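Chemist: give me a 3D structure for the following:
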Amino acid sequence: MGTFDSALVNAIPGANLTTPIAVAAGALLLGKMLSDRRSAPSAAPAPTAPAPPATQGGGLLSGLSELVQKFRTAGHTEVVNSWIGPGPNAPIRPEQVGASLGQTTISDLARQSGLSEQELLAQLAKVLPDIVNNLTPNGRLPTLAEIEH
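Modeler: Next comes the predicted model:
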C-alpha cells in the first residue's frame, strides 16, 4: 500500500480507494487539481485509483505542498500548521475549505467524485486534517524520498 493509500485509509475509517471522498482526495492531492489550469483542458478524466507507487511520490509531494500553500494563502496558516505539526489537528469549516480551494476546484472535484459541492466540502473538512497529518508524520512536509518509501 502506498503512502497516499495509507494516509487515506487511516483518515477515513472503512474507506476504500473508490469511495467518492477517496476519489476527490486523490484528485486533489495526486491529480494536480490545484495547479494553474488556464491552459489545461476544461474537463479532466475522473480518477479511478491513485497513481502507481513509482510515480506517486513526486505528484503527491507537489499536490500536498500546493494544498498546504492554498490554505496558508487563504489565511488558515495556524490551522494547516496544526495538521502538519505535533498535537491535535485544528478543525476547519466546510466554507473555509471552499474558500481555500476555490470554486473551480470544488466544482471539478464534485463532478469527478459524484458528490454535491456541499457534501464534498463537508467531507473534505472532516478528512483533510487527518490526511495531511498522516502524510506529515515528522511534523513537516516530507521529502520525495520519504514519500516514496
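
Chemist: helices and strands of the protein: which one has the lowest mean pLDDT?
Modeler: Ranked by mean pLDDT, DSSP states H and E, the weakest helix or strand in the chain is helix 144-148, scoring a mean of 74.

Chemist: report the distance from that helix to the chain centre.
Modeler: How far helix 144-148 lies from its chain's middle: 17 Å, per CA atoms, centre = their mean, to the nearest Å.

Chemist: residue 133 against residue 84, yeah?
Modeler: Yes. Using CB atoms under 8 Å, residue 133 makes contact with residue 84 at a distance of 7.3 Å. C-beta coordinates here come from the backbone N, C-alpha and C atoms, glycine included.

Chemist: so where's the protein shaky on pLDDT?
Modeler: Applying pLDDT under 70 to the chain flags the ranges 1-2, 13-17, 31-58, 148-149.

Chemist: tell me the helices and strands packed up against the longest helix along it.
Modeler: If you go by DSSP state H, the chain has its longest helix at helix 53-73. Judged by 3 or more CB pairs under 8 Å, 6 or more residues apart in numbering; DSSP states H and E, helix 53-73 is in contact with helix 3-11, helix 20-30, helix 77-84, helix 94-101, helix 117-135, helix 144-148.

Chemist: next, the angle helix 117-135 makes with that helix.
Modeler: Here helix 53-73 points in a direction 110 degrees away from that of helix 117-135 (axes from the mean of the first three to the mean of the last three CA atoms, to 10 degrees).
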